[in-house]
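Student: Just to be clear, the model below is a prediction. Sequence and coordinates:
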Amino acid sequence: MIRSIFVIGITVAYILIIGTPVVLYAIVTGNTDPVYQVGVAGARMALWLAGVRLEVQGKENIPHDRAVVFMPNHQSNSDPPAALAVLPPVLVMVKKEFFRVPVLGRAMRMRGFVPVDRKNRERAIQAVERAVESLKAGKSFLAYPEGTRSPSGRLQPFKKGVFMMALKAGAPIVPVSISGSNKIMRKGEASLHPGTVRITIHEPVPTQGCSVDDRARIMEAVRAKILSGLAPEEWPAEDAARRN
């Protein structure tokens with residue numbers, strides 16, 4: 001708990017002291033690149049303070065010639081900073097509550113992050129449409145196919161919305177396996193535990209020319225790739241039972 005309070009306190013101070021002038025600069029100039037760079041530096045700082053070590057494989061699988069949708073599994077609150085620390089610049093679909101955080105919320109809006117209201121289906125659909133337009137404009141996205149953190153660390157069923165986003169934009173999906181983060185910060189707990197998070201970036205799954213009829217096949221392909229980078233205890237219970 002002491003480590004958590006320390007990391008949160010330093011991170012909040014970083015956002016206020018470093019983030020505020022950078023956001024003001026972006027407001028004046030319209031250039032949000034420094035905002036993103038400061039955000040990524042803050043994410044790396046928070047991971048370092050928390051005692052989190054990243055092991056990354058597969059960076060050669062990241063396309064650099066077009067916008068893609070990076071789809072990682074979601075085990076804990078340490079996943080977003082870990083992903084931002086290793087991926088190229090991305091926009092993120094973030095639950096709307098985070099946009100209320102002073103400075104951070106303004107920075108995310110300016111950069112083009114998309115707020116998601118999980119309790120309102122119509123607004124959730126609107127969020128997907130906004131993301132589609134950004135993808136078509138050449139901006140890559142980070143989106144969690146499970147929709148929320150796993151309470152057990154095991155891979156959860158996927159939601160369809162983020163796959164429709166990729167299909168409508170014709171954007172390749174890059175599956176990402178995040179393993180071990182559930183041990184860093186478990187859902188429902190405030191304590192931080194030092195450790196190693198293993199990130200595996202897989203080969204893209206193409207969506208160009210595909211329709212909604214291909215969605216189930218694409219979802220299964222993405223799921224299989226993510227599973228291949230997870231430990232058996234992170235698999236869904238039914239998959240672990242079949243293996244045994």
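Tutor: Thanks, I have the structure now.
Student: Near residue 168, how many other residues are there?
Tutor: Other residues within reach of residue 168, judged by other C-beta atoms under 10 Å, total 17. The way it works is simple: take the backbone N, C-alpha and C, and place the C-beta from them, glycine included.
Student: ok now the strand or helix carrying it, how far from the chain's centre?
Tutor: Residue 168 belongs to helix 161-169 when elements are defined using DSSP states H and E. Put simply, helix 161-169 sits 16 Å off its chain's centre (C-alpha atoms, centre = their mean, to the nearest Å).
Student: Residue 153 against residue 179, yeah?
Tutor: No: judged on C-beta atoms under 8 Å, residue 153 makes no contact with residue 179 at a distance of 9.1 Å.
Student: Residues that sit against both of the two, list them.
Tutor: residue 234 (C-beta atoms under 8 Å, 6 or more residues apart in numbering).
Student: May I have the host helix or strand of residue 226 exported as PDB, CA atoms only?
Tutor: Assigned by DSSP H and E, residue 226 falls within helix 215-228. Extracted in PDB, the C-alpha atoms of helix 215-228 (Å, rounded to 0.1, in the frame of the first residue of the first chain):
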ATOM      1  CA  ARG A 215     -16.000 -11.100 -37.700                       C
ATOM      2  CA  ALA A 216     -16.300 -14.400 -35.800                       C
ATOM      3  CA  ARG A 217     -13.300 -15.800 -37.700                       C
ATOM      4  CA  ILE A 218     -11.200 -12.700 -37.100                       C
ATOM      5  CA  MET A 219     -12.100 -12.600 -33.400                       C
ATOM      6  CA  GLU A 220     -11.000 -16.300 -33.100                       C
ATOM      7  CA  ALA A 221      -7.800 -15.600 -34.900                       C
ATOM      8  CA  VAL A 222      -7.000 -12.700 -32.600                       C
ATOM      9  CA  ARG A 223      -7.900 -14.700 -29.500                       C
ATOM     10  CA  ALA A 224      -5.700 -17.600 -30.600                       C
ATOM     11  CA  LYS A 225      -2.700 -15.300 -31.000                       C
ATOM     12  CA  ILE A 226      -3.200 -13.600 -27.600                       C
ATOM     13  CA  LEU A 227      -3.600 -17.000 -25.900                       C
ATOM     14  CA  SER A 228      -0.300 -18.100 -27.400                       C
END
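Student: same for the helix holding residue 168, what does it pack against?
Tutor: Helices and strands touching helix 161-169, by 3 or more C-beta pairs under 8 Å, 6 or more residues apart in numbering; DSSP states H and E, are strand 69-72, helix 121-136, helix 215-228.
Student: weakest of these in terms of mean pLDDT?
Tutor: Among those, helix 121-136 carries the lowest mean pLDDT, a mean of 90.
Student: Which strands or helices does it pack on?
Tutor: Counting by 3+ C-beta pairs under 8 Å, 6+ apart, the packing neighbours recorded for helix 121-136 are strand 91-95, strand 114-116, strand 141-142, helix 161-169.
Student: Distance to residue 218 for the ones you listed - can I get that in TSV?
Tutor: Formatted as TSV, the helices and strands packed on helix 121-136 follow (distance: least, C-beta to C-beta, whole Å):
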stretch	distance to residue 218
strand 91-95	18
strand 114-116	21
strand 141-142	16
helix 161-169	6
